[in-house]
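A.B. asks: Just a sequence and a predicted model for now, questions to come.
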Amino acid sequence: MRALVITEYGGPEVLKVEERPDPQPGAGEVRVAVKAAGINFADLLARQGLYSDAPKAPCVVGYEFAGDVESVGDGVTEVKPGDRVMGGCRFGGQSELVVTNAANLVPLPGDWSYEEGAALPVVYATAYAALDRYGSVRPGERVLIQAAAGGVGIAATQIAKLIGAGEIYGTASGSKHDAIRGFGVDHPIDYTATDFRKEIRRIAGEQQPLDFVLDGVGGASFRKGWSLLRAGGRMVGIGASSVSGGDKRSIPKVAKMLANTPIFHPLPMMQTSRGFIGLNMLTLWDAKGSLDEYIEPLRKWVDSKELRPVVAEAFPLENGADAHRYIQERKNVGKVVLTV
């Protein structure tokens, strides 16, 4: 099979399409002919050698996809060859064939493209877990979503609206503001032109106006978002994209991010009645065996057509380097996927 391989750590040019052995499904597993595979910012960090959970290079990453069931292992009755599915895998998704546990697959809606299917499993599971399970966002609450034009940011905005959140603040470059307003952001903030903390306080007229913050930027962004939380407020950290400032790993950039990251001590948290929760979906996935408990609740919104992924761009597998550059340059509004 053909697969997009991180041949060594470095810039996008290290990504090469290579032949790899076809994976074989074992008991309880399913082999899927991949039609589209999602790309996450973590894949860029893996290429740079900054993602500790990823396999060591050379490797194939990608943990969400959509395609057709090609064959099933012993004991699998939930799906059959020919079924259109979307799901997740423990890496290896950016290839022509992938093997995963049957529990990691869900049917692909009949009116969805494979590209849309590849845009749902991880980003929407992450957004749902952050807002509903960990953040317990309630109707009327004020929410800040960092990187609101990205895959997780759009998913979080859609879910926040469906939950009934009140005002939604979202950071994105100015050219993306019309788009994120369309997805449900009430107050777009251009993080490239203004300090988002000062702007939120100006709009809200309060020092600590927020009930919930979703942050995948990390570093100083954690500190600023934390200062905006009122009593009872929650922040969920899902990443640290600020660690990456270019195509290749930068030790000074890593050091700056670490130096600017606040230390969350339990005593001040108790005194101010605020909380910080770290969320790593791969860790949850490994611990629980599947993402089903985070994807299953989304089905009611999918079935009612209230929830549908937004695909920014689809790149052929052999153009994986271009896809990485597109994300690195912050051009995307929505999810970037690879087509196979």
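C.D. replies: In hand now; what should we look at? These numbers come from a predicted model, not from an experiment.

A.B. asks: and the end-to-end length of stretch 236-243?
C.D. replies: When the termini of stretch 236-243 are compared using Cα to Cα, to the nearest Å, they are 18 Å apart.

A.B. asks: mind listing the helices for the stretch 1-150 of the chain?
C.D. replies: Assigned by DSSP state H, counting those that start in this stretch, the helices in the stretch 1-150 of the chain fall at 41-48, 114-118, 121-128.

A.B. asks: go on, the stretch 151-300 of the chain?
C.D. replies: Using DSSP H, counting those that start in this stretch, helices in the stretch 151-300 of the chain cover 151-163, 177-183, 196-204, 220-227, 251-260, 266-272, 281-288, 292-295, 299-303.

A.B. asks: any weak-confidence spans in the chain?
C.D. replies: Under the criterion pLDDT under 70, the flagged ranges of the chain are 245-246, 248-249.

A.B. asks: Please parse it into its domains.
C.D. replies: Using automatic domain parsing, the domain parsing of the chain gives 2-120+309-339, 123-280.

A.B. asks: mind giving me JSON lines with the helices of the stretch 1-150 of the chain and columns for mean neighbour count and distance to Thr100?
C.D. replies: Where C-beta positions appear, they are placed from N, C-alpha and C, glycine not excepted. JSON lines is the format used below for these (neighbours: other Cβ atoms under 10 Å; distance: least, Cβ to Cβ, whole Å):
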{"stretch": "helix 41-48", "mean neighbour count": "24", "distance to Thr100": "17"}
{"stretch": "helix 114-118", "mean neighbour count": "25", "distance to Thr100": "13"}
{"stretch": "helix 121-128", "mean neighbour count": "26", "distance to Thr100": "10"}
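
A.B. asks: which outside residues touch stretch 275-282?
C.D. replies: By Cβ atoms under 8 Å, 6 or more residues apart in numbering, the list of residues contacting stretch 275-282 from outside reads 53, 63, 122, 125-126, 129-130, 134-135, 222, 226, 233-238, 264, 269, 291, 294.

A.B. asks: ends of it, how far apart?
C.D. replies: Stretch 275-282 end-to-end distance (Cα to Cα) = 22 Å.

A.B. asks: circling back: closest one to Val76 among the helices of the stretch 1-150 of the chain?
C.D. replies: For the helices of the stretch 1-150 of the chain, the distance to Val76 is smallest for helix 121-128, at 18.6 Å, taking Cβ to Cβ.

A.B. asks: so what does that closest one touch, helix or strand wise?
C.D. replies: strand 29-39, strand 64-72, strand 84-88, helix 151-163, helix 281-288, helix 292-295 (3 or more Cβ pairs under 8 Å, 6 or more residues apart in numbering; DSSP states H and E).

A.B. asks: if we go to 10 Å?
C.D. replies: With contacts defined as 3 or more Cβ pairs under 10 Å, 6 or more residues apart in numbering; DSSP states H and E, helix 121-128 has these neighbours: strand 29-39, strand 64-72, strand 84-88, helix 151-163, helix 281-288, helix 292-295, helix 299-303, strand 335-339.
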